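K.L.:
I'd like to go over a predicted model; first the sequence, then the structure.
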Amino acid sequence: MYLKRVSLQKEKLPNHDSYPFSIPVIKTMDQLDVTSNVTFFVGENGSGKSTLLEAIADKCGFNTAGGGRNNYFDVNEAQSVLGDYITLSWMPKVTNGFFLRAETFHHFATHIDSIDGASQAYGGKSLHHQSHGESFLSLFRYRFHQRAIYLLDEPEAALSPQRQLAFLRILYDLSAYGNSQFIIATHSPILLGYPEAIIFSFDDDSIREVAYEDTDHYQITRHFLDNRKRFLHEIFKEE
């Protein structure tokens, strides 16, 4: 494990009424201790999990539009304001890694196509010439290596349930022996089931560690599958 702690420099924060400093979890955060090679951020949309992940990527020197330290391309609104106000504690520090933003992956794939021969590093085929799910798995299989930190924002966005299971195997191969570290923002109850991962919830205006079975993702999915007809009846009934 490499990244040990994320600290917020509260004394340097500007107006707390401006975004992203107005997000409740940012207002209450002091530091976040990272104690596992695989850490998940969960929470409702707008809870701040992707904002913090992007700030970590910025502090790592990764392209906040998606990519590693040597991927230079621009996407509107890809700058992380919060990155200027956090401190990362390492032991030891690594510079290798990657930041995946599912929403801007198309731009990353275009960037790779613009570099002569770069697609050879992704299985010898342009990422644009693969399905969305195939291109994500090609990234994970061919671009991700040992001794690195990987920050992934909703990697399940392009993955079928079967391919999410395939990704879990890749995650295991890279992290199980302590050579790679992952911090993943996700809504997937499949990915959250990774054994011995630490899950941080960003709901309820604070960041707190939760058990897998206590996440809304697990509970709602399980209750829906066990009671599908009743759930649908409640959702569709007339007011």
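P.N.:
Alright, I've got the coordinates.

K.L.:
where does the prediction get shaky in the protein?
P.N.:
70-79, 104, 106-107, 111, 113-124, 129, 239 (pLDDT under 70).

K.L.:
count of neighbours near the nearest residue to residue 101 once chain neighbours are set aside?
P.N.:
Nearest in space to residue 101, with sequence neighbours left out and distances taken as Cβ to Cβ, 6 or more residues apart in numbering, is residue 66 at 4.3 Å. C-betas here are computed from N, CA, C, even on glycine. Using other Cβ atoms under 10 Å, the number of residues around residue 66 comes to 25.

K.L.:
same deal with residue 170?
P.N.:
Neighbours around residue 170, by other Cβ under 10 Å: 13.

K.L.:
kindly report the same for residue 182.
P.N.:
Look at residue 182: counted by other Cβ under 10 Å, it has 22 neighbours.

K.L.:
quick check: it vs residue 44, distance?
P.N.:
Using Cβ to Cβ, to the nearest Å, we find residue 182 at a distance of 22 Å from residue 44.

K.L.:
surely the residue nearest to residue 101 is in contact with residue 99?
P.N.:
Yes: using Cβ atoms under 8 Å, residue 66 is in contact with residue 99, at 6.0 Å.

K.L.:
after the helix ranked longest in the chain, which helix or strand is next?
P.N.:
Counting residues, the longest helix in the chain under DSSP state H turns out to be helix 161-175. Downstream of helix 161-175, the first helix or strand assigned by DSSP states H and E is strand 180-185.

K.L.:
which neighbours does that following strand have in its sheet, and in what orientation?
P.N.:
Strand 180-185 sits in its sheet next to strand 38-42 (parallel), strand 148-153 (parallel), going by DSSP bridges.

K.L.:
show residues contacting it.
P.N.:
1-3, 34, 37-42, 49-50, 53, 56, 144-155, 171, 174-175, 191 (Cβ atoms under 8 Å, 6 or more residues apart in numbering).

K.L.:
what are the C-alpha coordinates of it, in PDB please?
P.N.:
Presented in PDB, the C-alpha positions along strand 180-185 are these (Å, rounded to 0.1, in the frame of the first residue of the first chain):
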ATOM      1  CA  SER A 180      -0.900  -2.000  -6.500                       C
ATOM      2  CA  GLN A 181      -3.400   0.200  -4.700                       C
ATOM      3  CA  PHE A 182      -7.000   1.100  -5.800                       C
ATOM      4  CA  ILE A 183      -9.400   3.800  -4.700                       C
ATOM      5  CA  ILE A 184     -12.700   3.400  -6.500                       C
ATOM      6  CA  ALA A 185     -15.900   5.500  -6.500                       C
END
